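Chemist: Predicted model and sequence follow; I will ask about them next.
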Amino acid sequence: MNYLEIAHKIIQLKNADLALREELIQKGQLSNGYDTDMEQLHIKNAEQLDEIINLIGYPTIEKVGQEASDAAWLIIQHAISKPDFMKRCVLLLQHTDHNDTVKLNLAYLTDRIAVFEERQQLYGTQFDWDENGKLSPQAFDDLNKVNERRKALGLHTLEEQTQMIRQRAKDENQSTPNDLEKRKEEIRAWKKKVGWIKN
């Protein structure tokens with residue numbers, strides 16, 4: 001099995017993802033809901049990575065190197081139209097060696113799944129626009145507990161992270177969606193359609 005070739009393939013998938021994201025930033029379209037082209041690319045990437053995982057198991061650093069392993073995690077994190085695939089990857093990650101990178105990736109992925117399933121996140125890694133038009137952490141259980149968990153992973157406090165996320169959005173010219181209520185309804189309908197929630 002040619003792990004080098006597989007690593008190269010995973011990195012190519014990630015590069016296509018980031019190139020499309022950059023294109024949407026340049027057009028000022030990153031905040032306008034889930035772009036159809038981006039969703040299609042995320043689905044295609046997830047399906048190709050799924051084939052790789054069926055072949056070699058989770059693409060760990062030991063198998064494919066740091067860059068490709070990080071790229072695999074990004075593809076999984078963006079595979080939001082594929083709930084079963086994301087949940088399967090969480091289980092696989094839980095059973096790999098828990099180095100610092102794996103712990104961090106697991107935290108982000110666990111939070112992302114919790115948010116899509118409308119549960120509280122544990123680490124405060126997932127953000128969205130709030131009613132004041134600012135990017136804020138989505139629902140979490142308790143600020144002190146969240147900050148303790150974040151500290152254990154070497155992350156900034158949630159307050160510091162919020163400032164950084166808002167600054168990045170500003171640097172990327174992201175803007176508040178015009179109709180937040182409509183956006184929330186669309187997101188909920190999409191979550192039902194792809195299978196994150198039942199009702």
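Modeler: Noted; the coordinates are in hand.

Chemist: can we go C-alpha only for contacts and neighbour counts from here?
Modeler: Will do.

Chemist: All the helices of the protein, residue numbers only.
Modeler: 3-26, 36-56, 61-64, 66-77, 83-94, 100-116, 143-152, 158-171, 180-194 (DSSP state H).

Chemist: show me what contacts residue 66?
Modeler: residue 60 (Cα atoms under 8 Å, 6 or more residues apart in numbering).

Chemist: what separates it from residue 98, distance-wise?
Modeler: Per Cα to Cα, to the nearest Å, residue 66 is found 14 Å from residue 98.

Chemist: Please apply the same query to residue 9.
Modeler: Distance from residue 9 to residue 98, by Cα to Cα: 25 Å.

Chemist: for residue 192, same thing?
Modeler: 33 Å.

Chemist: Repeat that for residue 141.
Modeler: Taking Cα to Cα, one finds residue 141 at 24 Å from residue 98.

Chemist: follow-up on the earlier one: residue 192 and residue 98: which has the busier surroundings?
Modeler: Comparing residue 192 with residue 98 by other Cα atoms under 10 Å, the one with more neighbours is residue 192, at 15 against 12.

Chemist: any idea what sits nearest the more buried one, other than its immediate chain neighbours?
Modeler: residue 198 (5.9 Å; Cα to Cα, 6 or more residues apart in numbering).

Chemist: which residues touch residue 154?
Modeler: Residue 154 neighbours (Cα under 8 Å, 6+ apart): none.

Chemist: I meant residue 129, not that one.
Modeler: Contacts of residue 129 by Cα under 8 Å, 6+ apart are 135, 136, 176, 177, 180.

Chemist: 7 Å instead, please
Modeler: Neighbouring residues of residue 129 by Cα atoms under 7 Å, 6 or more residues apart in numbering: 135, 136, 176.

Chemist: Could I get the pLDDT score of it?
Modeler: You'll see residue 129 listed with a pLDDT of 92.

Chemist: In the sheet, which residues pair with it? Tell me.
Modeler: residue 135 (DSSP bridges).

Chemist: so how far is residue 160 from it?
Modeler: Remark: distance between residue 129 and residue 160 (Cα to Cα) = 17 Å.
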